[in-house]
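Trainee: Curious how this folds, go ahead:
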Amino acid sequence: MNDEKRIRVLCVDDHPLLREAIAMMIQYQPDMVLVGEAANGTEAIRKFKEFRPDVTLMDLRLPDMSGVDALMMIRTDSPEARIVMLTTFDGDGKRALEAGARAYLLKTIAPKDLANAIRKVHSEP
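Mentor: Sure thing, here's the model as predicted:
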């Protein structure tokens, strides 16, 4: 598949192991490409502006700010941004969804279900 037609994904998480696992999962999806990674909210905002991903996977808890705060800053400049919040904490999703997250997923999600969630968020109007 041509890179221009693939879903462009940005992964934001402060844990390198999780970022690498997500990168590997995306690598095996013929319709997706990882365009960038970020380890904190400040870097996420900068990389979002640089890469303009179709879908951003954002950790809810980042070392310099919350993922929700980063989401709100991104959506201030890009209200169309499609951001999926990822967390290990069940019950933190209400604020993220109210701030404009397109989905809220636990990090225990199966890789195939995460890939399908990315596709669904990408295809929504």
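Trainee: use CA for all of it now, contacts and neighbours both
Mentor: Will do.
Trainee: The most centrally placed residue in the chain: what secondary structure?
Mentor: With distances taken as Cα atoms, centre = their mean, Leu57 lies nearest the centre of the chain, 1.1 Å away. Here Leu57 is recorded as strand under DSSP: H, G, I helix; E, B strand; the rest coil.
Trainee: Tell me if I'm right that it and Val9 touch.
Mentor: Yes - taking Cα atoms under 8 Å as the definition, Leu57 is a contact partner of Val9 at 7.3 Å.
Trainee: Can you point out the buried residues in the least confident helix or strand in the chain by mean pLDDT?
Mentor: Within the chain, confidence by mean pLDDT, DSSP states H and E is lowest for helix 93-98 among all helices and strands, at a mean of 89. Within helix 93-98, the residues that qualify as buried are Gly93, Ala96, Leu97, counting by 16 or more other Cα atoms under 10 Å.
Trainee: Now do that helix: which elements does it pack against?
Mentor: Taking 3 or more Cα pairs under 8 Å, 6 or more residues apart in numbering; DSSP states H and E as contact, the helices and strands that helix 93-98 lies on are strand 103-106.
Trainee: can you pull the buried residues of the strand it packs on?
Mentor: Judged by neighbour count (16+ other Cα under 10 Å), strand 103-106 contains these buried residues: Ala103, Tyr104, Leu105, Leu106.
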